[in-house]
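J.: how would this look folded up:
(one chain, ligands or ions: 1)
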Amino acid sequence: MTVSPDHLDAAVADGSEIMKQFVPASPFVALLGVQLEEITDGAATLLVPYRPELTTVGTMMHGGLIAAAADIGVMVAAWAGRPVPDKLRGVTASLSLNFIAPLMEDGLRVRAHRLSTGRRTSHVRCEMYSESGDALVASATGTYQVG
Ligand SMILES: CC(C)(COP(=O)(O)OP(=O)(O)OC[C@H]1O[C@@H](n2cnc3c(N)ncnc32)[C@H](O)[C@@H]1OP(=O)(O)O)[C@@H](O)C(=O)NCCC(=O)NCCSC(=O)Cc1ccccc1
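T.: Residues are numbered from 1 along each chain as shown. Sure thing, here's the model as predicted:
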């Protein structure tokens, strides 16, 4: 990531509240148009609505967008429901992704859930689906370090 302490209220209850503040405030996340639809303890759903600016050629959504959305999903699920750390920061340490089917002229829905919660490191799994048809387009795993 790079959760910037400048714009966040560290006195909030948990990492879910941090993410509710951070997602709309992060410049790159906002550039992609990523919306946080739902966040629960260790899981999150995000939506990237379709825009022609996010395509590769024609109406095919760019793979880098799908990877970026997975990265953001990993971040959000890693923070979801965790206690707020002393150091208000975090980074993605690894991301592995398989592109399963093309996403054509459609929004992208990311469903992420935390597989493990260490003191600082979380393992997270993300599945990416087409918004309209709920078709699986990509699958990812990532590790994320909080604090
Ligand atoms: C940190 C680690 C993953 C592990 O290294 P180790 O050596 O085992 O770790 P060690 O604990 O010894 O710390 C050493 C030094 O590392 C730094 N630091 C440590 N922890 C944190 C932390 N949690 N946050 C921030 N910095 C941290 C710190 O300077 C520390 O020095 P210190 O002693 O504290 O002053 C390292 O490989 C790395 O930084 N990789 C690059 C990661 C990267 O750039 N990812 C891509 C960008 S993320 C993205 O784009 C996702 C996104 C989604 C949505 C929206 C926006 C963004």
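J.: Just the residues contacting the host helix or strand of residue 115, thanks.
T.: Element membership for residue 115, per DSSP states H and E: strand 108-117. Among residues not part of strand 108-117, those counted as contacts by C-beta atoms under 8 Å, 6 or more residues apart in numbering are 37, 42-48, 61, 65-66, 69-70, 72-74, 76-78, 80, 82, 122-131, 134, 137, 141. (C-beta placed from N, C-alpha, C; glycine too.)
J.: Just to be sure, which of those are found in helices?
T.: Using DSSP state H, the subset of the contacts of strand 108-117 located in helices is 65, 66, 69, 70, 72, 73, 74, 76, 77, 78.
J.: Please work out how many residues are found near the first one.
T.: The burial metric for residue 65, expressed as a neighbour count using other C-beta atoms under 10 Å, is 20.
J.: how much space is there between the nearest residue to it once chain neighbours are set aside and the ligand?
T.: Counting by C-beta to C-beta, 6 or more residues apart in numbering, residue 54 is the residue found nearest to residue 65 once chain neighbours are left out, at 5.0 Å. Plainly put, residue 54 is 16 Å away from the ligand if you go by C-beta to the nearest ligand atom, to the nearest Å.
J.: for residue 92, same thing?
T.: According to C-beta to the nearest ligand atom, residue 92 stands 4 Å off from the ligand.
J.: now do residue 132
T.: Taking C-beta to the nearest ligand atom, one finds residue 132 at 25 Å from the ligand.
J.: Could you tell me which residues of this structure lie near the ligand?
T.: In this structure, the chain approaches the ligand at residues 1-2, 26, 28-29, 71-72, 75, 89-93, 145, 147, judged by C-beta under 6 Å from any ligand atom.
J.: Please spell out the PyMOL selection for the buried subset of these.
T.: Command for PyMOL, covering only those of those found buried under the criterion 16 or more other C-beta atoms under 10 Å:
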select buried, resi 1+26+29+71+72+75+90+92+145+147
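J.: which two from the residues of the chain next to the ligand end up farthest apart in space?
T.: Considering C-beta to C-beta, no two members of the residues of the chain next to the ligand lie farther apart than 28 and 147, which are separated by 21.3 Å.
J.: Which parts of this structure are strands?
T.: Using DSSP state E, the strands of the chain run over residues 35-40, 43-48, 90-99, 108-117, 121-130, 136-146.
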